[in-house]
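**Student:** Got a predicted model here, sequence first, then my questions.
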Amino acid sequence: MKVAIYGIRNCDTMKKAFAWLDAHRIAYEFHDYKKAGAPAGKLKNWAERAGWEKLVNSRGPTWRKIPEASKANLTEARALALLQEHTSAIRRPVVEAGERLLVGFDPDEFSRVLRRAP
């Protein structure tokens, strides 16, 4: 199964996800959306699969710094435009594993979805 992980390299949650993947010897490709931006079409695809609300890291400092007027009465289109502009506000990590999509780091969910069969 091909695994792609999206996030920001120096994020503490990302470091936990990388450590988990490395400890379980799961190969992955990493896309740093702080440096390279969110790949075209990915945010829309992720929103369709997981819901745009799940993609928003509303507790993070980047989201909190966005003016309240910009966040008022959010729709999917407006939220995705904000996330495209402020990629640090995307919840981390986002993991594509075959047909599965994981948003955020949950070791139990990673185990269920990503652990290789012996």
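**Tutor:** Cool, the structure landed. No experiment lies behind these values; they were computed from the predicted model shown.
**Student:** Name the nearest residue to the residue most central in space within the chain, ignoring sequence neighbours.
**Tutor:** What sits nearest the mean C-alpha location of the chain, by C-alpha atoms, centre = their mean, is V94, with 2.7 Å. In this structure, V94 finds its nearest non-sequential neighbour in Y6, 4.3 Å apart by C-beta to C-beta, 6 or more residues apart in numbering. For the C-beta atoms, the positions are set from N, CA and C on the backbone; glycine is no exception.
**Student:** Confirm that neighbour sits in a strand?
**Tutor:** Yes: checked against DSSP: H, G, I helix; E, B strand; the rest coil, Y6 lies within a strand.
**Student:** so who does it touch?
**Tutor:** Contacts of Y6 were listed using C-beta atoms under 8 Å, 6 or more residues apart in numbering, and they are F30, H31, Y33, A38, P39, K42, I90, R92, P93, V94, V95, E96.
**Student:** Are we agreed that R49 is in a strand?
**Tutor:** No: R49 sits outside any strand when classified using three-state DSSP, being helix.
**Student:** rewinding a little: what about the contacts of Y6, which one has the most neighbours?
**Tutor:** Most neighbours among the contacts of Y6, by other C-beta atoms under 10 Å: I90, with 28 neighbours.
**Student:** picking that back up, how confident was the prediction at the residue nearest to the centre of the chain?
**Tutor:** For V94, the pLDDT comes out at 97.
**Student:** Next up, phi/psi of the residue lying closest to I90 once chain neighbours are set aside, please.
**Tutor:** Leaving aside its sequence neighbours, I90 sits nearest to L83 (C-beta to C-beta, 6+ apart; 5.2 Å). In terms of degrees, to the nearest 10, the main-chain angles of L83 are phi -70, psi -40.
**Student:** L74 too?
**Tutor:** Torsion angles at L74 (phi, psi; degrees, to the nearest 10) stand at phi -60, psi 140.
**Student:** I appreciate the help and will end here.
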